[in-house]
Every structure is written in C-alpha cells, then in structure tokens.
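Trainee: here you go, sequence then predicted model.
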Amino acid sequence: MLYGSVEFTYAEPFANALVVDPACRSWILGRTKFSAFAEEARLLHEEMRSQRSGSSATWWRSHFTEKCRCQGCSGQETDLLAIFEAATGMCFALHFEVKQPTDKFPTKKDKAANCAIRAQCWAKSAPKAVVPHGDAATVLLCSASKLAEYSPHLPKFESVITFEEFARAHPEATLAF
C-alpha cells in the first residue's frame, strides 16, 4: 500500500483540479494572500515536474529537503506544493498541509508552525528539486469536522480550505470525497 494512501485520495483531486480547471485554480488562489493573482496566475506544474527526480510519481506530492536543517525543513515535508507565476513574472508557492478526516497533528512537534517556516525558507532559497519562487503562503486542507480539534493549529496557517467547501464549489473535481 502506498504511504499516505488515504491522504493521497484527498489531495490528488485537489492537485488535478489545479491543473485542469482554471475556475477552480482561481477559487483556490482567491482564498489566499495571492487573491490579486487569482484570475491570471499560471500553475507551473510542468516546470515542477521537470525539476523533480525521475522517481517522483507526481509534480505536487511530498516535497522535502534534508540539505537545510532549519526547524521547518529538517525531517519535514510539504504534502502538496503548487508554484504559480503571475503575469508580472513573480513566482509564488502554496504549501498545503493535507489532513485526511482521521488524521491528527503530531503532539511532539509543531507541524503547523513548521509548515510556515519551511514556506518562507524555500521562498528565500528553494531546494534543488523545487522551482524558485519569491513568496509563499500556507494552506490547511482538511475536513470541516476536524476544525474544532484543529483549532490550536488553525492560526498558524494563512488559509484554511475544507474538503466540504471545495466539494460544494467544485463537485466535478471531488468524486473521491
């Protein structure tokens, strides 16, 4: 069985929608600090794919580096990474933490805070397998039923999108939910 296969089931339709559906891409960007670029930003998924190793099955999944030993990078990964280019040429990234409905945040490390540290670290100096970009934001993608449980972690993300909210807005993209 694929590591994180349940998480993958929730993340993959979201990543696919970013690629194939401009309205969905705009909707997602509109919920971030990059909302001003929602209508024009181009997803750099092909560039991301070409920068990854040949053994990477996806352009978006499980980005990490061990070259940087900061608190955000060391032993940590970004579940879903999407890098965009605005019409101005500015590149920016969205780091998604994907929490499938039975998932919990670890108690021994502050994964939510580390996601923000990693996003800013990579915006300053992207790892070799990551397309360079000058700014980044973090997004928690999770089930609405977990919002109360996750409440201590929510302020550490710049945006929160629930699977249910996404499914209502884009039912064609979420057959797996």
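Mentor: Good, I have the coordinates.

Trainee: quick check: phi and psi at the most centrally placed residue in the chain.
Mentor: Closest to where the C-alpha atoms of the chain average out (CA atoms, centre = their mean) is Phe96, at 2.3 Å. Torsion angles at Phe96 (phi, psi; degrees, to the nearest 10) stand at phi -100, psi 130.

Trainee: residues contacting it?
Mentor: Ala11, Phe14, Thr78, Asp79, Leu80, Leu81, Ala82, Thr138, Val139, Leu140, Leu141 (CB atoms under 8 Å, 6 or more residues apart in numbering). To be clear about C-beta, it is placed using only N, CA and C from the backbone, and glycine gets the same treatment.

Trainee: do Cys24 as well
Mentor: Listed by CB under 8 Å, 6+ apart, the contact set of Cys24 reads Ala17, Leu18, Ala169, His170, Ala173.

Trainee: take the contacts of Phe96 and keep only those in helices.
Mentor: Ala11, Phe14 (DSSP state H).

Trainee: what about the helices in this structure?
Mentor: 5-20, 22-29, 45-51, 111-124, 163-169.

Trainee: could you dump the contacts of Phe96 to JSON lines with neighbour count?
Mentor: Converted to JSON lines, the contacts of Phe96 look like this (neighbours: other CB atoms under 10 Å):
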{"residue": "Ala11", "neighbour count": "22"}
{"residue": "Phe14", "neighbour count": "24"}
{"residue": "Thr78", "neighbour count": "27"}
{"residue": "Asp79", "neighbour count": "22"}
{"residue": "Leu80", "neighbour count": "24"}
{"residue": "Leu81", "neighbour count": "25"}
{"residue": "Ala82", "neighbour count": "25"}
{"residue": "Thr138", "neighbour count": "26"}
{"residue": "Val139", "neighbour count": "22"}
{"residue": "Leu140", "neighbour count": "23"}
{"residue": "Leu141", "neighbour count": "25"}
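
Trainee: so what's the residue nearest to Glu149 when sequence neighbours are not counted scoring on pLDDT?
Mentor: Nearest non-adjacent residue to Glu149, counting by CB to CB, 6 or more residues apart in numbering: Lys104, 7.6 Å away. On pLDDT, Lys104 comes in at 94.

Trainee: much appreciated, bye for now.
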